[in-house]
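Novice: Could you look at this predicted model? Sequence included:
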Amino acid sequence: MKSNYFTKQLSTVKRWMATALFCMLAIAFVWQGAFFSNTSAMADPAGTLIASKDAGDQVQEKASKDAGRAKNFIQDTADKVKQAAKSNASKVDQSTDSGSFAERKAKRDAATIQKRADEDAARTKKAVDNTKNAVERTVDNIKDAFGK
């Protein structure tokens with residue numbers, strides 16, 4: 001009697017497992033079929049190539065504009081740093097005796113800050129140019145690869 005009860009329970013568990021497995025497989029087949037139903041990307045590769053050339057030109061144009069804006073931002077920042085250094089040196093000059101140690105140090109520090117601001121701006125602009133050139137070379141290489 002106990003074995004009959006155990007067998008019924010085992011049979012019920014097997015049925016539920018089989019049903020669950022069947023449902024999971026059905027979901028997997030339906031889901032997988034959704035990925036293969038869109039074949040429009042394979043229908044006309046020439047249209048994709050033409051679009052990629054136009055997109056490449058747009059990327060290069062945007063990179064040039066962005067580089068110009070970045071350079072302007074860098075120059076504005078350098079100018080503001082230099083202006084702040086001059087202002088601080090002027091404030092120290094007004095608050096101290098003429099020719100004092102603090103005044104001379106403030107002027108030296110202002111000159112150093114201005115020099116470093118110019119150097120940093122030049123290095124940053126060069127890095128922007130290098131990045132822009134790398135983007136343009138990459139786009140040209142991609143356009144060449146698709147063109148062949």
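Specialist: Structure's in. What do you need?

Novice: hey, let's count contacts and neighbours off CA atoms from now on
Specialist: OK.

Novice: Tell me which helix or strand comes right after the lengthiest helix in the chain.
Specialist: Identified as the longest helix of the chain according to DSSP state H is helix 45-95. Using DSSP states H and E, the helix or strand that follows helix 45-95 towards the C-terminus is helix 101-147.

Novice: what's the spacing between that next one and its chain's center?
Specialist: Centroid separation for helix 101-147 versus its chain: 19 Å, with CA atoms, centre = their mean, to the nearest Å.

Novice: relative orientation of it and helix 45-95 in degrees?
Specialist: Counting by axes from the mean of the first three to the mean of the last three CA atoms, to 10 degrees, helix 101-147 lies at 180 degrees to helix 45-95.

Novice: tell me what helix 101-147 is packed against?
Specialist: The contact analysis (3 or more CA pairs under 8 Å, 6 or more residues apart in numbering; DSSP states H and E) places helix 101-147 against helix 45-95.

Novice: quick one: the helix it packs on to chain centroid distance?
Specialist: Distance of helix 45-95 from its chain centroid, counting by CA atoms, centre = their mean, is 16 Å.

Novice: Next: stretch 6-22.
Specialist: On CA atoms, centre = their mean, the centre of stretch 6-22 falls 52 Å from that of its chain.

Novice: and if you look at stretch 86-102?
Specialist: With CA atoms, centre = their mean, you get 45 Å for stretch 86-102.

Novice: what helix or strand is T7 on?
Specialist: Taking DSSP H and E as the definition, T7 sits inside helix 2-36.

Novice: Next, the buried residues of that helix.
Specialist: Across helix 2-36, burial judged by 16 or more other CA atoms under 10 Å covers no residue at all.

Novice: What helices and strands are in contact with it?
Specialist: Packing contacts for helix 2-36, counted by 3+ CA pairs under 8 Å, 6+ apart, involve no helix or strand.

Novice: Tell me which other helices or strands the longest helix of the chain touches.
Specialist: helix 101-147.

Novice: at 10 Å instead, please
Specialist: When contacts are defined as 3 or more CA pairs under 10 Å, 6 or more residues apart in numbering; DSSP states H and E, helix 45-95 sits against helix 40-43, helix 101-147.

Novice: Quick one: low-confidence residue ranges for this protein.
Specialist: 1-3, 31-56, 147-148 (pLDDT under 70).
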